[in-house]
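# I would like the atomic coordinates for the input below:
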Amino acid sequence: MGIEIKDTLAKKILTEAKGYLDVGFTHSLNPYSGCGYSCKYCYVREMPIQRFKEIPWGQWLDIKTNAADNYRKEIIKLRNKHNPVNIFMSSATDPYQPIERKANISRKILEEMIQNPPDFLQIQTRGPLITRDIDLLIQLKEKCEVLVSMTIETDRDDIRKIFAPYAPSIKLRVKALKKLHDAGISTQASISPVLPFTPEFPKILHGIVDHIWIDTLSIGDGAMGKRSERLGMPNLFHEHELSKWYQKDLHIKVEKHFNKYFLKGIVRVSKQEAFPK
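Next up, the predicted model:
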């Protein structure tokens, strides 16, 4: 799959948190526009950033080359106003998609955060490349709260290949989580969206995560499942004989299953519990 890549200058890098994130986060931060992982269920496909694009999602990528400079200027202004800064990185892209290996945009942002830290930073990714930046994360966690949330939608790589064929394997993501956790960095497994998994799924996460986050195509797409329906998710599940997993109350059943393996308070569910207390 070819990707059209462009360098761009962003007007701003911190966006005020609204909607889904307005539960404790104050800002979102997206180092890129577009995403090379091109997951079929991604709700960003249904947002204006993509709907007004002629190029399909997953086939274009804008690199915000001035992201770190913008962050420094914007955080200083917020600090002058004595505003709290709780950042979700990222809400509409992946900060550790393949291009980051060369572009280093997310790494430069972390370097700037060490000098001008937020109060809280949650990094949301499915990219094992984040382990490259463990040195910076260790420094940053001395300045502010840091949580690395790795998306692990299932423990079945055959399922991952149906819904997210360009994303890293489940094995590599679990390995990355363990490496981060062993380095003393707070970790979360984001089961978002929940895809079909084996009963043993919780066991592979035991001892390598501090939080479990559960989200589904029905409660987590920002439109109570309507975006997921427009993306053809019911048909995709049906096509692969997985329809029994496409349920409105799936999050309730998954929460009960994971609570059998984890202490009270570790497992949280979309949306009101999105911000780790």
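# every contact and neighbour count from this point should use C-alpha atoms.
OK.
# got the buried residues for the least confident helix or strand in the chain by mean pLDDT?
Every helix and strand of the chain was ranked by mean pLDDT, DSSP states H and E. The lowest is helix 48-51, at a mean of 82. Residues of helix 48-51 classed as buried by neighbour count (16 or more other C-alpha atoms under 10 Å): Gln50.
# next one: stretch 176-189
Applying 16+ other C-alpha under 10 Å to stretch 176-189 flags 176-181, 185-189 as buried.
# can you redo these as TSV with pLDDT and secondary structure?
Converted to TSV, the buried residues of stretch 176-189 look like this (pLDDT from 0 to 100; DSSP: H, G, I helix; E, B strand; the rest coil):
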residue	pLDDT	secondary structure
Ala176	98	helix
Leu177	98	helix
Lys178	98	helix
Lys179	98	helix
Leu180	98	helix
His181	98	helix
Ile185	98	coil
Ser186	98	strand
Thr187	98	strand
Gln188	98	strand
Ala189	98	strand
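# what's the closest of those residues to Lys18?
Nearest to Lys18, judged by C-alpha to C-alpha, of the buried residues of stretch 176-189 is Gln188 at 22.1 Å.
# look up how far Arg51 lies from the spatially most central residue of the chain.
Nearest to the mean C-alpha position of the chain, by C-alpha atoms, centre = their mean, lies Gln124 at 3.0 Å. The gap separating Gln124 from Arg51 is 23 Å, by C-alpha to C-alpha, to the nearest Å.
# again, but for Ser28
20 Å.
# cool, and Ile219?
21 Å.
# same question, Leu137
Taken as C-alpha to C-alpha, the span from Leu137 to Arg51 is 35 Å.
# what's the answer for Tyr261, then?
In terms of C-alpha to C-alpha, Tyr261 sits 41 Å off from Arg51.
# what do you get for Gly207?
41 Å.
# and for the protein, the residue most distant from the center?
Extreme point of the chain relative to centroid (C-alpha atoms, centre = their mean) is Asn80; 29.2 Å.
# what backbone torsions are found at that one?
Per-residue torsions, Asn80: phi -60, psi -30 (degrees, to the nearest 10).
# residue boundaries of the strands in the stretch 101-250 of the chain?
120-125, 145-151, 186-191, 211-214 (DSSP state E, counting those that start in this stretch).
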